[in-house]
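[1] Everything below, folded, please.
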Amino acid sequence: MHTTVPLSRLQVLNGRTMHEALQQSAQATLHTDADAGPLVAFRAAQPESDAVSVEAVVGRALVGALQAHPHVNARIGVEGLNVHRSVNLGLMVVLEKGVIVPVIAGAEGLPLRELDGAFRRMAARAEAGDLSLNDTRNTTFTLASFASFGVDHFTPILVGNMVATLGVGRVRAVCEPGDDGCRPGHRIALSLTFDHRAIHGVEAARFLQAVTDRLAAPDRL
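    Numbers count the residues shown, from 1 in each chain. A predicted model of the protein is given here:
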């Protein structure tokens, strides 16, 4: 005996999209543990009620890296790589029965605090079911996070013919080894899924390094 539970429209759509994406691309993922000490200190220096989110700091570092590596801010087209001048940053929002990815258009023009505000507004609209189809179109790069669930590492799936997508884990306390023993520190896991049809592993690694380099100086973002 069993009970059949109907899938929601969002579950069906997400499942179909993910399945097709895996079938039609050459995806691989690079993982790194970035030093989150500067990020933690940067947020701690702000009033607790007004601190920017971790996702906004990572997002701003990501935007800077995309500007330095424009071929990653792209989609694979019929005749080649369509490189976009503007960074339309998708932010994965977790809903009760799935996820949705609203887009922040022209993210390169938003300072850190404005990007944080845009993230919060889009997430609130998504949770309220107030997004239009246009709010999820024309993404050039996606930022995904399951940090609120205590997830450290995961492999994001690349969709929509985008060249790459970044998965972000939770900020976690660690013991950093040193010459004088163990000292407290913080780490954050970053997972970059990329399409081998567009960029190779070395290019992807350089881009991921560019993100981590920027996270080391969040006050300059």
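[2] Go ahead and list the helix or strand containing the residue most central in space within the chain.
    In the chain, the residue lying closest to the centroid (CA atoms, centre = their mean) is residue 143, at 1.7 Å. Element membership for residue 143 (DSSP states H and E) is strand 141-145.
[3] neighbours around residue 121, how many?
    Residue 121: 12 surrounding residues under other CB atoms under 10 Å. Where C-beta positions appear, they are placed from N, C-alpha and C, glycine not excepted.
[4] ok, now residue 111?
    With other CB under 10 Å as criterion, residue 111 counts 10.
[5] Quick check: pLDDT value at residue 16.
    On pLDDT, residue 16 comes in at 89.
[6] before we move on, what SS does it have?
    Classification of residue 16 by DSSP: H, G, I helix; E, B strand; the rest coil places it in helix.
[7] if I look at it, how far off is residue 92?
    As judged by CB to CB, to the nearest Å, residue 16 and residue 92 stand 17 Å apart.
[8] quick one, which of these two is more surrounded?
    residue 92 (20 against 10).
[9] Identify the residues contacting the more buried one.
    Residues near residue 92 by CB atoms under 8 Å, 6 or more residues apart in numbering: 99, 100, 101, 142, 143, 144, 145.
[10] Check these against residue 194 and report the nearest one.
    residue 142 (12.0 Å; CB to CB).
[11] Show me what the residue nearest to that closest one when sequence neighbours are not counted is bridged to.
    Closest residue in space to residue 142, ignoring its immediate chain neighbours: residue 90 at 3.8 Å, by CB to CB, 6 or more residues apart in numbering. With DSSP bridges as the criterion, residue 90 is bridged to residue 103, residue 142.
[12] Please verify my assumption that residue 90 contacts residue 138.
    No - with contact defined as CB atoms under 8 Å, residue 90 does not reach residue 138; the gap is 9.3 Å.
[13] Could you report the neighbour count for the closest residue to residue 102 other than its chain neighbours?
    In space, and not counting its chain neighbours, residue 102 is closest to residue 122: 4.2 Å by CB to CB, 6+ apart. When neighbours are counted by other CB under 10 Å, residue 122 registers 22.
[14] Ok, residue 213 next?
    14.
[15] What is the three-state secondary structure of it?
    Applying three-state DSSP: residue 213 is helix.
[16] Could you give the average pLDDT over stretch 186-199?
    97.
[17] Contacts only, for residue 115.
    Residue 115 touches 56, 59, 60, 63, 104, 107, counting by CB under 8 Å, 6+ apart.
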